[in-house]
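Chemist: from the sequence below, what's the structure:
(chains A and B)
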Amino acid sequence: MKLGSLIGSWPVVRQLEGDPRALGRAARSPRQATIEPRTRGASHVVKSVCPFCAVGCGQLVYVRDGQVDQIEGDPDSPISRGRLCPKGSATKSLVTSPLREYKVKYRRPYGRDWEELSLDEAMDMIADRVIATRAESWEEEREGKKTRRCMGIAHLGGATLDIEENYLLKKLYTALGIVQVENQARI
Amino acid sequence: MGSNMAENHPVGFQWPMEARRRGAKLIHVDPRYTRTSAMANTYVPIRAGTDIAFLGGIVNYILEHERDFREYVVRYTNAPVIIHEDFKDTEDLDGYFSGWDPEQKKYDNTSWQYAGMATHGAAGEREMGSTRGEAAGHGAAGGHLRHGEPPEEDETLKHPRCVYQLLKKHYARYTPELVAEICGCSEEQLIEVAESLCDNSGRERTSAFCYAVGWTQHSVGVQIIRTASIIQLLLGNIGRPGGGIMALRGHASIQGSTDVPTLYNILPGYIPMPHAHAHEDLDEFIELNAAPTGYWGNLRDYFVSLMKAWWGEHATSANDFCFDYLPRITGDHSAYQSALGMLDGKVKGYLVLGENPAVGNSNSRIHRLAMANLDWLVVRDYTEVESAAFWKDGPEIETGELVTDEIATEVFLLPAATHVEKDGSFTNTQRLLQWHFKAVEPEGDCRSDLWFAYHLGLRLREKLSGSEEERDRPLLELTWAYPTQGEHADPSAEAVLREINGCDSEGKALPGYTELKDDGSTACGVWIYSGCFADEVNGPAKKVPGQDQTWVAPEWGWAWPANRRILYNRASADPDGKPWSERKRYVWWDEGQGKWVGEDVPDFEETKRPDYDPPDDARGPDAIRGDHPFIMQAAGRGWLFAPSGVVDGPLPTHYEPHESPFDNPLYSVRSNPARQEFPRKNNEYAAEGDDAYPFVLTSYRLTEHHTAGGMSRTTRYLSELQPELFCEVSPELAAEQGLEHGGWATIVSPRTAIEARVLVTERLRPLTVQGRQVHQVGLPYHWGFKGLVTGDSANDLFPIVLDPNVHIQEVKAASCDIRPGRRPRGPDLPRYVESKRPPTVIREGKQDIDP
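Modeler: Numbering: from 1, shown residues only, chains lettered A, B, ... in the order given. Model prediction:
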């Protein structure tokens, strides 16, 4: 390295060249010139919303090869202005958690362990259970007043469900006569 | 108050911080010193469960010093209204209001009505109609007011039975001395907070309250928030920029799941579920639930449009628009009643979607025992959460209280898609709908809950398609045709949002709820969301960058109703329609244009003049005067005094928590007499002031975890950041009980005992209450027996005891003991808990169980 560029690479000198607080160019290392943010390689970026609390911070989901590559704050959001808290910043590790289940698990009555079951079979069995329990516990009236409901089935939902999901659930349950429909809002 | 915003809503907290930088004063009142306290100008510690006493002290300060915003109070609130002569206050009846029925443990609110009402029981009938104190869902109806005005008023506020004077009398004893005695703060601290609020309210300035579940999770939760409403109405801080009461909700769409309710007592848009005894036909339902004046006067439009959205061509005027297809409620059917129903063998099937009652619900232990008594259970989640695994890995298996081989529950665990794997919208804590776009396809069997609901519905309809049963008709005739996409036939979330928005008889998306009709020509799934798909545009998906629009940012998402960002914003102008001040201008009357204009969508009929005086026969919105901003209320005014809608009293009163080491110095009635209690095996209660459990126990959340842990103890970073359950104790309590920092402690309640690492910290300080020192123990509640990091569940310690209005559990204040060392293991644990129970522990009694 030539002496001139050696002196020029000295941070104090670089600070004197117009970056007195050493927050910009003066703090850069040669390696930094060779790397770029991981998000640069994303095939596309999708606008999203943080799934944790109800502040509703904007998120940008970076996708590469059909997989979530990174999730960051959305600077466009007038609510969050690009910021995310520790939970929001960990969203990628939520959607790629090592504990995520990708297959249906079934435990038969008195069973000691999980068994495999296809999603189609599980949906069919759940529909049968709903029909049977509903028929058994159907209450047409109580104390002479019409109630036309099923008190043998209850629902408890989280409040990280989408509003469209809640809407279809309430619509379906109400048509079935299931009134014990509840969510986290009361917990 | 009731919130640790800096730690639980950190990104939202940037705004209070910015306000502080611009000169605002930040005050934090909380049992525990947190990072919110550290950032505040003033921190006041109070004993958990004494918020009404503290806030009542502020009300008393405002009234005693006449610091109320008089013009706002006289014109915009019910302060001048004269109340029925039979009304008696808690000050008259030693802790009860008039109308108390000790047998039923319920109030009859007839005597709480406005004086001179033609049929003063109108709202009372409404209450009785929906028996056992279930208020009309929206609680806005104030009875039959002729052209919207209360019959008897005194604008001088001198009449002894006017609301203003009743308030004064009710809170006269909430002096700084008494507040200090109950809360454990100093008199000076209360005065400083009260003065700061008064100094920062009025024409030129506004103050805001932020709260979270630190206020709601009490046996008096609704009344705590009511007290804040009284303060904000007295100071003129509602409907104005920088004012209000901000509920900081903990889940992405917890506001949305109330608006579009998966709740037993309401239909979409806060329309009450019909009650078996009160609502036998549509006319009766509308009569009892629609206020004749104000926007609830149009309930029939909203309701008929909902029925059209659900039953389409089958809903006709000839069949009351399928009113009979709706199941009826008969009382409280909330989540805790369902769990007790499981224990009692009445509830056989349970669907748990994105929820974890085995950790997250109060007395989570009893929920695990309840689920072990089911026939079948469906859990949909990202991971194998505790609620799916209680039958093999639950703590009761270890103690021997449950045996895997003997549990009959059939369990289906269905993997769920995350928010990046589906389209849809969340409604955030400020009523803002925001769309999230699908980024990637879900893998394997993972599906959205939209897919689950839609395909379960399809299968049920197919299996029952030939049914002649009358009960199957609502299902078979339900509108259930949604366009699908992709290999899994995912229903279109946008099509569902469009149904929520509603359409006219030609199938065009409606511009908003004012277009809804009661003749069956419009269909609308959620009336308050109508307009979110106006002009066939997905409003929640609007994402114009904040920096490219006004500070109100109307082009980011869509806020209900009508994309309005501040509710009741007509109150930001004076009765004549002029801004209260230049500094706080927001929405005002423009005489030249003959309409309301401003920064936001005006929350008022656009061309209704400020001097509009309704004719005698006016109904619905037409009956609201031009100078009354609270258009959802029957009289268009904010309620300082609530004649209906709140079942445990028209004015908030300090009661001790259900479990408390102290008497109530105000009355011989110790705790909220209307609270719901369930004394039974596995839900034992400490007796009043029991020495065996001398400490106050409170629970809270951490920045790094999310409620019951299903979305945080399953992620690597968050688990590493907060790996282990701990309890916070003061150095004084640690010394008294021999607790060592970093060591173990066993915390014992009448229900069970759990163990936690000890964090000795001055963040919790002993308080002097009623002349003696009391210690508080703080516990985060995120841990359970599954996940990357595990630990005992704090909720196992808390009882099921509920607020009577909304049936929410009291987990912010209970009684406990704390001892050094780890808890006993296996069968020794229940034996230990039993050995700690004094003979006075309450094991049985009348349970507030509804059928």
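Chemist: okay, CA-based contacts and neighbour counts for the rest of this
Modeler: Noted.
Chemist: what is the neighbour count of the closest residue to residue B:631 other than its chain neighbours?
Modeler: In space, not counting the residues next to it along the chain, residue B:631 is nearest to residue B:294; the distance is 5.4 Å by C-alpha to C-alpha, 6 or more residues apart in numbering or on different chains. When neighbours are counted by other C-alpha atoms under 10 Å in any protein chain shown, residue B:294 registers 27.
Chemist: ok, the closest residue to residue A:27 other than its chain neighbours - how many residues close by?
Modeler: Counting by C-alpha to C-alpha, 6+ apart, the nearest residue to residue A:27 once its immediate chain neighbours are dropped is residue A:11, at 7.1 Å. Using other C-alpha under 10 Å, the number of residues around residue A:11 comes to 17.
Chemist: repeat for residue B:226
Modeler: Counted with other C-alpha under 10 Å, the neighbours of residue B:226 add up to 22.
Chemist: next: residue A:120.
Modeler: With neighbours defined by other C-alpha under 10 Å, the count for residue A:120 comes to 11.
Chemist: now it: phi and psi?
Modeler: Its backbone dihedrals place residue A:120 at phi -60, psi -40, with angles given as degrees, to the nearest 10.
Chemist: for whichever residue of the stretch 601-750 of chain B sits closest to chain A, what are its contacts?
Modeler: Here the residue of the stretch 601-750 of chain B nearest chain A is residue B:715; by C-alpha to the nearest C-alpha that distance is 5.3 Å. Residues near residue B:715 by C-alpha atoms under 8 Å, 6 or more residues apart in numbering or on different chains: A:90, A:93, A:94, A:97, A:98, B:788.
Chemist: equivalent analysis for residue B:582, please.
Modeler: Going by C-alpha under 8 Å, 6+ apart, residue B:582 touches residue B:204.
Chemist: for the lengthiest strand in chain A, which strands pair with it and how are they oriented?
Modeler: Selection of the longest strand in chain A by residue count, based on DSSP state E, yields strand A:145-157. Strand A:145-157 has the following sheet partners, assigned by DSSP bridges: strand A:138-142 (antiparallel), strand A:178-183 (parallel), strand B:349-353 (parallel).
Chemist: of those strands, which is nearest residue B:849?
Modeler: Comparing the strands paired with strand A:145-157 against residue B:849 with C-alpha to C-alpha, the closest turns out to be strand A:178-183 (13.8 Å).
Chemist: using PDB, write out every CA atom in that closest one.
Modeler: Written as PDB, here are the backbone C-alpha positions of strand A:178-183 (Å, rounded to 0.1, in the frame of the first residue of the first chain):
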ATOM      1  CA  ILE A 178     -73.400 -22.800  17.900                       C
ATOM      2  CA  VAL A 179     -73.600 -19.800  20.300                       C
ATOM      3  CA  GLN A 180     -70.500 -20.400  22.500                       C
ATOM      4  CA  VAL A 181     -68.200 -18.600  20.100                       C
ATOM      5  CA  GLU A 182     -65.400 -16.600  21.900                       C
ATOM      6  CA  ASN A 183     -62.000 -15.100  21.300                       C
END
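Chemist: quick one: end-to-end length of stretch B:2-11, please.
Modeler: Distance between the boundary residues of stretch B:2-11 (C-alpha to C-alpha, to the nearest Å) amounts to 18 Å.
Chemist: and it with chain A, contact?
Modeler: Yes. On the criterion C-alpha under 8 Å from any C-alpha of the partner chain, stretch B:2-11 is in touch with chain A at B:9, B:10, B:11.
Chemist: neighbours of residue A:100, just the number please.
Modeler: Should you count by other C-alpha under 10 Å, residue A:100 turns out to have 18 residues around it.
Chemist: let's see the pLDDT reported for it.
Modeler: The per-residue pLDDT reported for residue A:100 equals 98.
Chemist: could you do residue A:2 as well?
Modeler: According to the prediction, residue A:2 has pLDDT 74.
Chemist: any idea how far it is from residue B:789?
Modeler: Remark: distance between residue A:2 and residue B:789 (C-alpha to C-alpha) = 55 Å.
Chemist: and these two? which has more neighbours close in?
Modeler: Neighbour tally, residue A:2 and residue B:789, criterion other C-alpha under 10 Å: the higher count belongs to residue B:789, 21 against 7.
Chemist: how close does residue B:426 sit to residue A:48?
Modeler: 10 Å.
Chemist: overlap in contacts, the two.
Modeler: By C-alpha under 8 Å, 6+ apart, residue B:426 and residue A:48 have these common neighbours: B:435, B:436.
Chemist: who's more crowded, those two?
Modeler: Neighbour totals were compared for residue B:426 and residue A:48, and residue B:426 leads with 31 against 28 (other C-alpha under 10 Å).
Chemist: in a strand, that's where the more buried one is, yeah?
Modeler: Yes. Residue state for residue B:426 (DSSP: H, G, I helix; E, B strand; the rest coil) corresponds to a strand.
Chemist: who in the stretch 601-750 of chain B is up against chain A?
Modeler: Residues of the stretch 601-750 of chain B lying close to chain A by C-alpha under 8 Å from any C-alpha are B:703, B:704, B:705, B:706, B:711, B:712, B:714, B:715, B:716, B:717, B:718.
Chemist: how about the helices of the stretch 301-450 of chain B, start to end?
Modeler: Assigned helices in the stretch 301-450 of chain B, in chain order: B:335-343, B:357-360, B:364-371, B:386-393, B:395-399, B:449-463 (criterion: DSSP state H, counting those that start in this stretch).
Chemist: residues contacting residue B:394?
Modeler: Each residue near residue B:394 by C-alpha under 8 Å, 6+ apart is listed here: B:368, B:386, B:785.
Chemist: now render those as TSV, adding distance to chain A, pLDDT and neighbour count.
Modeler: TSV is the format used below for those (distance: C-alpha to the nearest C-alpha, whole Å; pLDDT from 0 to 100; neighbours: other C-alpha atoms under 10 Å in any protein chain shown):
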residue	distance to chain A	pLDDT	neighbour count
B:368	14	98	25
B:386	13	98	26
B:785	14	98	19
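Chemist: take the residues you listed and lay them out in CSV including distance to residue B:666.
Modeler: Supplementary listing: the contacts of residue B:394 in CSV, determined by distance: C-alpha to C-alpha, whole Å:
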residue, distance to residue B:666
B:368, 39
B:386, 43
B:785, 43
